[in-house]
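Colleague: Okay, here's the prediction I keep looking at, along with the sequence it came from:
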Amino acid sequence: MKRYEPAIDLDAIEAIDTHVHIEIDAHGHSSLPADLQEAASRYFRTDGPRPDLDAIAGYYRERRMAAVVFTVDAATNLGQPPISSAEIAEGAARNNDVLIPYGSVDPLRADAADRIRRLIDDHGVRGFKFHPTVQGFSPDDARFFPLYALLEDAGVPALFHTGQTGIGAGMPGGRGLRLALSNPMLLDEVAAAFPRLQIVMAHPSVPWQDEALAVATHKHSTWIDLSGWSPKYFPAELVRHANTLLKDRILFGSDFPLLTPDRWIRDAESADLFRPEVLPGIMKHNAARLLGLT
């Protein structure tokens with residue numbers, strides 16, 4: 001087992017994509033049950049390939065980009081064995097010139113804290129991904145606070161899905177998945193209790209964009225990534241804050257493979273959303289600072 005250590009030449013890359021999903025592992029195992037996978041493809045109007053980790057590394061290497069890669073471990077709520085975060089870290093170690101691994105641990109597991117420790121200590125993951133709606137937990141519940149304490153002590157960020165999700169959309173009852181668990185205001189409690197924990201609120205937080213902006217302007221340990229939506233659909237208030245108050249804590253992210261970095265960049269350029277002096281921070285420098293690469 002090779003422990004991950006980054007070898008990213010920041011001068012050689014043009015961007016850091018902070019939101020890239022590993023949906024298929026080397027054994028062909030999917031991160032979602034078949035019914036959810038089919039529904040998600042219909043929702044996102046895509047039935048394209050789901051590349052494995054090494055293919056994703058090649059994709060980003062061709063574009064002179066680095067990428068934060070992860071899965072979502074929702075074994076308890078979905079009844080689906082997860083893709084191994086340890087294997088993702090090992091794959092990132094093979095491709096440490098372009099990939100940065102995050103871990104994912106089902107917070108409902110009794111041994112979640114031990115799994116987090118092993119992923120940090122043994123495998124070198126650089127952050128953790130949580131999806132409250134898919135994992136079926138309320139992030140402000142104090143029973144999960146010991147997990148956040150571990151991340152805070154280790155100095156690694158916590159990335160939380162926020163807002164609407166296409167996972168379960170259109171299925172009866174949304175397959176039981178609850179959108180309210182991904183309201184970014186729930187993260188205000190976490191940020192207040194763990195002031196040194198760097199918290200990333202993923203995606204424009206539709207329909208709770210104002211809540212996300214309120215948290216980010218009040219708690220300066222919080223960040224927003226811009227993944228999962230084409231920039232041409234970004235709310236005006238999000239763009240205004242990205243260009244001003246929050247310009248040092250806004251992160252480029254695509255949501256690959258469902259949204260590609262090529263489309264994100266093309267749409268951002270055509271919409272002319274971001275000030276020229278702000279764009280380098282959004283595309284690379286803010287993420288490099290968050291991830292400890294500078």
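Modeller: Structure received.
Colleague: Who are the contact partners of the closest residue to residue 131 other than its chain neighbours?
Modeller: Nearest residue to residue 131, sequence neighbours excluded (C-beta to C-beta, 6 or more residues apart in numbering): residue 161, at 4.2 Å. C-betas here are computed from N, CA, C, even on glycine. Counting by C-beta atoms under 8 Å, 6 or more residues apart in numbering, residue 161 touches 129-134, 182, 202-203.
Colleague: and the gap between residue 161 and residue 206?
Modeller: 12 Å (C-beta to C-beta, to the nearest Å).
Colleague: One more: residue 123?
Modeller: 34 Å.
Colleague: Any idea which helix or strand in the chain has the lowest mean pLDDT?
Modeller: Taking mean pLDDT, DSSP states H and E as the measure, the chain has helix 34-44 as its least confident helix or strand, at a mean of 79.
Colleague: circling back: looking at the contacts of residue 161, which are in strands?
Modeller: Those of the contacts of residue 161 mapping onto strands are 129-130, 202, per DSSP state E.
Colleague: returning to that earlier point: with neighbour count and distance to residue 55 added, can I get the contacts of residue 161 in a markdown table?
Modeller: Converted to a markdown table, the contacts of residue 161 look like this (neighbours: other C-beta atoms under 10 Å; distance: C-beta to C-beta, whole Å):
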| residue | neighbour count | distance to residue 55 |
| --- | --- | --- |
| 129 | 26 | 20 |
| 130 | 28 | 26 |
| 131 | 24 | 23 |
| 132 | 27 | 29 |
| 133 | 23 | 28 |
| 134 | 24 | 24 |
| 182 | 27 | 29 |
| 202 | 27 | 23 |
| 203 | 24 | 24 |
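Colleague: Residue 102: which of those residues is nearest?
Modeller: For the contacts of residue 161, the residue nearest residue 102 by C-beta to C-beta is residue 129; the value is 5.0 Å.
Colleague: mind checking pLDDT for the spatially closest residue to the closest one that is not a sequence neighbour?
Modeller: Nearest non-adjacent residue to residue 129, counting by C-beta to C-beta, 6+ apart: residue 70, 4.2 Å away. Per-residue pLDDT puts residue 70 at 98.
Colleague: sorry, back to before: tabulate the ones in strands among the contacts of residue 161 (CSV), appending pLDDT and distance to residue 178.
Modeller: Output for those, formatted as CSV (pLDDT from 0 to 100; distance: C-beta to C-beta, whole Å):
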residue, pLDDT, distance to residue 178
129, 98, 18
130, 98, 14
202, 98, 17
